[in-house]
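Q: Got a predicted model here, sequence first, then my questions.
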Amino acid sequence: MSKISYLRILGFAALYVVTIFMTAFLGFFAPWAWVFFPVVAALIGALSYYCTAIRWQKFGVGTFLAFALAAFLLAVGESDLSKALLTLFAGVLSDVVRQLIGYTTLKGQSLAYPVLSIGVIAWILPLWTRTGWYYQGATEEIGVDYANGLMTFASPWWLLAVVLTTALAGYLGIRFASKVIKSK
């Protein structure tokens, strides 16, 4: 790879991190927007993943992007080590999927990126794993009404819904990104 390619990859990685982080601000609108922000993040983040993956056709795209996101969230105090490791695990797993299917194929990207997208859910996973603690924190930060709204999503069925819709959004996002990039 040339130096320009490395700079572009770094730029797309920064865009990926900013995109994912900014979609989390949707959560200020309503509890459901916070719970489902990973779906929007998967749709919008697909473009930067796709642009990175077409330039880096070897193992490591998902791992690199997951590491960049996890490191950023740790640095700004939005994550802890366990959530960062889950995010990173999703990145590595997405690279394994892409390796098995093919680095240069759209199918490889279309099935690998949804796995990476699911890793974003680690950021809000305590809603389902530490519900009482999460409720208390939401009450202090945003208010009782908002926290009560979050609790309507605290069942395992809602977690499954978030995982499935995030994966679907990731798949659709990559397919859309590939069409947009090809048309240019």
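A: Nice, thanks for sending it over.
Q: Tell me where this protein has helices.
A: 3-23, 31-35, 37-55, 61-75, 81-101, 106-118, 126-129, 131-141, 144-151, 156-182 (DSSP state H).
Q: Output the ones you listed in a markdown table, with mean neighbour count appended to each entry.
A: For glycine as for every other residue, the C-beta is placed from the backbone atoms N, C-alpha and C. Shown next, in a markdown table, are these (neighbours: other C-beta atoms under 10 Å):
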| stretch | mean neighbour count |
| --- | --- |
| helix 3-23 | 16 |
| helix 31-35 | 19 |
| helix 37-55 | 23 |
| helix 61-75 | 21 |
| helix 81-101 | 19 |
| helix 106-118 | 23 |
| helix 126-129 | 17 |
| helix 131-141 | 14 |
| helix 144-151 | 16 |
| helix 156-182 | 17 |
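Q: got a markdown table for the ones you listed, with mean pLDDT too?
A: As requested, those are exported to a markdown table (pLDDT from 0 to 100):
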| stretch | mean pLDDT |
| --- | --- |
| helix 3-23 | 91 |
| helix 31-35 | 97 |
| helix 37-55 | 96 |
| helix 61-75 | 97 |
| helix 81-101 | 97 |
| helix 106-118 | 95 |
| helix 126-129 | 96 |
| helix 131-141 | 95 |
| helix 144-151 | 96 |
| helix 156-182 | 96 |
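Q: gap between Ser48 and Gly137?
A: If you measure Ser48 against Gly137 using C-beta to C-beta, to the nearest Å, the figure is 30 Å.
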